[in-house]
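Sequence and predicted model, in that order:
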Amino acid sequence: MTVYDVTFQRKDHLHALHDWDLVDDVCAGERKIKDEETKYLPKLNPLDLSDKNKKRYDGFLQRAVFYNVTGRTLEGLVGTAFSKDPVVNVPAAMDYVTENIDGHGVSVVQQAQSTLANVLKKSRHCLFVDYPKTDADVSIAAQQQAGIRATCVSVDAENVINWRTSQVGALHLLTLIVIKESYTVISDDGFGQDEKPQYRALKLVEGAYTVEIWRQSEDGNDKTTWLLYDTYAPKNGKGSTWAFIPFTFVGAQNNDVKIDKPVLLDLATLNLAHYRNSALYEDSCYFVGHPQAFMTNLDEEWRDHLEKKQIVVGGPSIIPLPEGGTFGFAQVGPNTMVKEAMDQKDDQMKALGARVLQPGQTVKTATEAQNDNETEHSVLSLAASNVSDAYNQILQWMGEFNNVTGTIEFELGTDYSVHKLDAQMLTALVAAWQAGRLPSSDFWDQMREYGLVDPSKTNDQLDGEVEEDGTGLNLGGDDFESKAA
């Protein structure tokens with residue numbers, strides 16, 4: 001009998017898992033880092049297995065401070081990319097993606113935010129189009145009535161364990177994708193539930209896209225045999241099978257099958273080093289941070305006398321001492337070495353976080369360079385562009401599944417420079433436009449740049465609205481000046 005190993009994982013995938021796991025944990029924050037204990041904070045004496053040393057480590061771990069620079073940097077980067085609403089244009093029959101692109105109530109913008117976050121964390125994310133099994137083409141009316149429509153499935157990079165490309169004609173196409181998933185089993189009483197593993201294999205079989213679902217053998221003693229549970233060939237909106245797999249990788253550099261180095265890996269690694277320094281610093285503060293009282297030249301008689309009286313230190317209390325005796329406080333000097341190490345890593349983390357927004361050396365064509373400014377070469381803008389490309393492709397495939405044609409556009413902003421426009425500048429722009437010295441298309445581009453018009457509207461729509469209103473542009477008054485400022 002042939003044994004099928006659907007659980008096989010590629011070597012480059014296995015190699016990347018460590019880095020993905022590290023960045024994920026760091027971005028999750030202090031609770032996750034401390035829950036992992038010695039994975040990120042080694043014991044002071046790992047050879048001592050006594051209960052006393054375990055309690056010593058518990059205190060060492062509890063006092064450590066994890067300052068989540070990486071997680072906050074990620075939040076800031078995603079917020080920057082979505083500081084302006086993405087441009088989303090789809091045919092009316094696909095309007096549902098603006099509210100529910102995945103079938104679970106997540107909008108295309110919300111899913112894109114999660115996708116960009118994963119691309120920045122791991123430099124890799126995965127998307128594919130799913131569609132209910134149908135035997136023939138389904139009309140748009142039937143789709144709407146029965147709720148049959150394409151959805152976009154978002155998959156974390158670590159769950160796509162295997163893939164393969166092959167040359168088909170003049171093209172190199174994906175011919176295999178294996179996704180690790182789970183399915184829910186409801187208990188007999190209807191309340192409890194259990195999650196069991198399964199694998200979804202997306203294949204190109206004899207030129208036709210085919211989906212296979214693999215589950216473990218129901219034999220309780222056999223945990224290694226995986227059986228083919230279901231298989232089907234999805235159809236497009238015209239009832240034909242697909243000649244390719246509607247699946248795309250999303251990367252930090254490009255959207256090919258190659259695994260890129262995680263954008264935030266260096267920052268996360270430095271963040272953990274700062275955490276370990278913090279543990280040593282807080283530990284030393286705890287043990288030697290308070291002054292230690294001492295007395296000298298006490299014989300046994302004086303010692304017993306003072307212990308019997310239970311002397312009080314501080315305030316108006318007087319401590320009797322023998323001739324030549326002294327009383328004082330011993331105070332350990334500041335632990336500058338660990339503090340300096342922490343300060344150095346603070347500066348390094350700031351530099352690494354800022355570099356994500358700094359221009360790079362990406363080569364662009366003359367046409368692209370004409371319209372882009374230097375910030376569009378940053379790591380963030382490149383990742384955002386890759387996310388835009390991926391969703392443009394995904395939405396096109398969803399249109400084919402739904403048998404829908406028309407304009408499809410999804411674009412994230414990639415210009416993160418701060419633009420300010422005062423009333424005088426806007427008046428000059430409008431005057432040049434009205435005098436015919438500035439083309440209408442360039443004028444509306446400037447208005448979008450400064451956030452003064454809806455970025456999703458086309459130039460023709462804006463021209464039509466201005467002509468229809470017939471009231472002209474209000475270049476005076478408090479409302480205008482407040483918007484321009």
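Perfect, thanks for sending it.

Would you mind giving me the confidence score for the residue most central in space within the chain?
In the chain, the residue lying closest to the centroid (C-alpha atoms, centre = their mean) is Ala117, at 2.0 Å. pLDDT recorded at Ala117 is 96.

any chance you could read off phi and psi for it?
phi -60, psi -40 (degrees, to the nearest 10).

contacting residues around it?
When contacts are counted by C-beta atoms under 8 Å, 6 or more residues apart in numbering, Ala117 touches Leu74, Val78. Every residue, glycine included, has its C-beta placed from N, CA and C.

Equivalent analysis for the one 4 residues further on, please.
With contact set as C-beta under 8 Å, 6+ apart, Lys121 has these partners: Trp20, Val23, Asp24, Cys27, Leu74, Pro262, Val263, Leu264.

and the residue nearest to it when sequence neighbours are not counted, what does it touch?
Distances taken as C-beta to C-beta, 6 or more residues apart in numbering place Val23 nearest to Lys121, at 4.9 Å, with adjacent residues excluded. Listed by C-beta under 8 Å, 6+ apart, the contact partners of Val23 are Thr70, Lys121, Lys122, Pro262, Leu264, Leu265, Ala268.

got JSON lines for the residues you listed, with secondary structure, pLDDT and distance to Ile101 too?
Converted to JSON lines, these look like this (DSSP: H, G, I helix; E, B strand; the rest coil; pLDDT from 0 to 100; distance: C-beta to C-beta, whole Å):
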{"residue": "Thr70", "secondary structure": "helix", "pLDDT": "92", "distance to Ile101": "28"}
{"residue": "Lys121", "secondary structure": "helix", "pLDDT": "94", "distance to Ile101": "21"}
{"residue": "Lys122", "secondary structure": "helix", "pLDDT": "94", "distance to Ile101": "21"}
{"residue": "Pro262", "secondary structure": "coil", "pLDDT": "93", "distance to Ile101": "26"}
{"residue": "Leu264", "secondary structure": "coil", "pLDDT": "92", "distance to Ile101": "26"}
{"residue": "Leu265", "secondary structure": "helix", "pLDDT": "93", "distance to Ile101": "29"}
{"residue": "Ala268", "secondary structure": "helix", "pLDDT": "93", "distance to Ile101": "29"}
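
out of these, what pair is the most spread apart?
Spanning the widest gap among the contacts of Val23 are Thr70 and Lys122, at 12.5 Å by C-beta to C-beta.

What score does Cys27 have for pLDDT?
95.

Thr414 too?
For Thr414, pLDDT reads 81.

I figured it hits Asn386, correct?
No - judged on C-beta atoms under 8 Å, Thr414 makes no contact with Asn386 at a distance of 10.5 Å.

between those two, which one's more packed in?
More neighbours surround Asn386 than the other of Thr414 and Asn386, with 25 against 19 (other C-beta atoms under 10 Å).

what's Ile33 sitting at in phi/psi?
Torsion angles, degrees, to the nearest 10, at Ile33: phi -60, psi -40.

contacting residues for it?
Asp25, Val26, Tyr40, Leu41, Phe66, Leu272, Tyr275.

Can you pull the poorly scored residue ranges out of the chain?
For the chain, residues meeting the criterion pLDDT under 70 lie at 1-3, 134-147, 219-223, 288-290, 314-315, 330-336, 354-377, 417-422, 469-485.

Walk me through the domains of it.
290-331, 423-484 (automatic domain parsing).

looking at those, which is closest to Ser217?
Across the domains of the chain, closest to Ser217 is domain 423-484 (C-beta to C-beta), at 51.5 Å.

What's the separation between the residue of the chain positioned farthest from its centre and Ile311?
Distance from the C-alpha centroid of the chain, by C-alpha atoms, centre = their mean, peaks at Glu323 (70.6 Å). From Glu323 across to Ile311, the span is 18 Å (C-beta to C-beta, to the nearest Å).

do Glu467 as well
From Glu467 to Ile311 the distance is 94 Å (C-beta to C-beta).

Kindly report the same for Glu449.
Distance from Glu449 to Ile311, by C-beta to C-beta: 76 Å.

Same question for Glu158.
63 Å.

and Pro316, helix, strand or coil?
Look at Pro316: counting by DSSP: H, G, I helix; E, B strand; the rest coil, its state is coil.

contacting residues around it?
No contacts exist for Pro316 under C-beta under 8 Å, 6+ apart.

Could you do Thr241 as well?
Taking C-beta under 8 Å, 6+ apart, one finds Ala208, Tyr209, Ala233, Pro234, Lys235 in contact with Thr241.

Fine by me, we can end here.
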